[in-house]
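Asker: what shape does this take:
(4 chains)
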Protein chains: 2
Amino acid sequence: MRELIDKYKGQGFKMTPQRLAILKYLEGNTSHPTAEDIYKDIRKTYPTVSFATVYNTIETLCKRGDVMEVTIDPGRKHFDPNPAPHHHIICTSCNTIGDVFVDYSSALNLPESIRREYAVSGNHVDFYGICKACRGRKHDLKKT
Amino acid sequence: MRELIDKYKGQGFKMTPQRLAILKYLEGNTSHPTAEDIYKDIRKTYPTVSFATVYNTIETLCKRGDVMEVTIDPGRKHFDPNPAPHHHIICTSCNTIGDVFVDYSSALNLPESIRREYAVSGNHVDFYGICKACRGRKHDLKKT
DNA sequence: TATTATAATAGAATCGTTCTAAGTTGAATG
DNA sequence: CATTCAACTTAGAACGATTCTATTATAATA
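Answerer: Below you'll find the model as predicted:
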């Protein structure tokens, strides 16, 4: 807790109870939550919290580089509190998202034609598969 | 034109003028248009076309496997009429999307820990960079 | 502890997308 | 050809995620 508070102390980040709750929820969280996931959790402690607070706080954290937006789900944004570059694997049955910590930069050679057109700055890989839990299930159980 | 009509003849795909216009717009199109891009173009010929028709037709084409949904832009869906597996490169300045026709499957080795958890079925790489046109510009010109 | 810039809140607004209900039409059939 | 009807088109309503607005509250600071 103290570490979290210290991390954000100073330079115009006003620490409020709501923000602290969001930071605590996100710290070490590998579930790639949506704004709604965060909202629902914070509401347990702060029943009057608004979506605006969740979105505003996420936006601030994204600008600080502490949270990354994950564009995988066509329906809504997911957020990843791990700012270290990494990749994702999505279960095509239940839609849960896992992390892949491998640097593929040297493996992802681009053809000359592309390198002529673009000054390439980064890459991100999405893997698709079926997770263990889903393989052990008869019917798909999409996470809503 | 004839080829297009023949391609879709039979098995319950009713060819309408609007659908033909959408198919013509999409054929060989590498611009990764949004529903709105398609709508605006079709409206030039069919001013009363509705978004529902665009979305319905895209959905039908996606189900047939002739069009792929591209989940790169957090704000809206883009569509790719090239169903062959390939990757994308996004200009972080103007947001335009290019194609990368390289099969990286053998280069994208997953760690044992992931392979234990997932039956992996596919992958997709997003590259990021600045396109030539944007490098020749002083200020960013985001495509809206 | 007074000040003030920043944040929280409720609710309205917006945007992309999906749904609905009614009217229309392509194409299969006689 | 004319008939039939499932499939399509349409306008507009509905929806869900996100953003905005106006007001009130509060953390940080001096």
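Asker: convert the C-alpha atoms of stretch A:30-40 to CSV, please.
Answerer: Extracted in CSV, the C-alpha atoms of stretch A:30-40 (Å, rounded to 0.1, in the frame of the first residue of the first chain):
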residue,chain,number,x,y,z
THR,A,30,-3.1,-10.3,-15.0
SER,A,31,-6.8,-10.7,-15.8
HIS,A,32,-6.9,-7.8,-18.4
PRO,A,33,-10.0,-6.2,-16.9
THR,A,34,-12.5,-4.0,-18.6
ALA,A,35,-13.6,-0.7,-17.2
GLU,A,36,-16.7,-2.5,-16.0
ASP,A,37,-14.7,-5.1,-14.2
ILE,A,38,-12.8,-2.4,-12.4
TYR,A,39,-16.0,-0.4,-11.7
LYS,A,40,-17.7,-3.5,-10.2
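Asker: that stretch vs DNA strand D: in contact?
Answerer: Yes - Stretch A:30-40 lies within reach of DNA strand D by C-beta under 7 Å from any atom of the strand, at A:T34, A:A35, A:E36. No exception for glycine: its C-beta is placed from N, CA and C like everyone else's.
Asker: DNA strand C versus A:F127, what's the distance?
Answerer: 23 Å (C-beta to the nearest atom of the strand, to the nearest Å).
Asker: okay, buried residues for whichever strand or helix holds that residue please.
Answerer: Per DSSP states H and E, A:F127 falls inside strand A:118-131. Across strand A:118-131, burial judged by 16 or more other C-beta atoms under 10 Å in any protein chain shown covers A:Y118, A:V120, A:N123, A:H124, A:V125, A:D126, A:F127, A:Y128, A:G129, A:I130, A:C131.
Asker: strands along chain A, start to end?
Answerer: Ranges of strands in chain A, per DSSP state E, are A:68-70, A:78-80, A:87-91, A:97-100, A:118-131.
Asker: do the second one and DNA strand D meet?
Answerer: It refers to strand A:78-80. No - Strand A:78-80 is not in contact with DNA strand D by C-beta under 7 Å from any atom of the strand; minimum separation 7.9 Å.
Asker: and that strand, what other elements does it pack with?
Answerer: When contacts are defined as 3 or more C-beta pairs under 8 Å, 6 or more residues apart in numbering or on different chains; DSSP states H and E, strand A:78-80 packs onto strand A:68-70.
Asker: contacting residues around the strand it packs on?
Answerer: For strand A:68-70, the external contacting residues (C-beta atoms under 8 Å, 6 or more residues apart in numbering or on different chains) are A:H32, A:C62, A:K77, A:H78, A:F79, A:D80, A:N82, A:P83, A:H88, A:I97, B:P74.
Asker: return the distance of stretch A:46-66 from the chain's centre.
Answerer: 13 Å (C-alpha atoms, centre = their mean, to the nearest Å).
Asker: which parts of that stretch are buried?
Answerer: Within stretch A:46-66, the residues that count as buried by 16+ other C-beta under 10 Å are A:V49, A:T53, A:V54, A:T57, A:I58, A:T60, A:L61, A:D66.
Asker: restrict the residues you listed to those near DNA strand C?
Answerer: Counting by C-beta under 7 Å from any atom of the strand, the members of the buried residues of stretch A:46-66 near DNA strand C are A:V49, A:T53, A:T57, A:T60.
Asker: quick revisit: how about the strand holding A:F127 as CSV, C-alpha atoms only?
Answerer: Coordinates of each C-alpha in strand A:118-131 appear next as CSV, following Å, rounded to 0.1, in the frame of the first residue of the first chain:
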residue,chain,number,x,y,z
TYR,A,118,7.6,2.2,-42.7
ALA,A,119,10.0,3.2,-39.9
VAL,A,120,9.0,0.2,-37.7
SER,A,121,8.9,0.9,-34.0
GLY,A,122,7.2,-2.1,-32.4
ASN,A,123,5.2,-5.3,-32.6
HIS,A,124,2.6,-7.2,-30.7
VAL,A,125,1.5,-10.8,-31.2
ASP,A,126,-1.9,-12.2,-30.4
PHE,A,127,-2.1,-16.0,-30.1
TYR,A,128,-5.3,-17.9,-30.3
GLY,A,129,-6.1,-21.2,-28.7
ILE,A,130,-8.3,-23.1,-26.3
CYS,A,131,-7.4,-23.0,-22.6
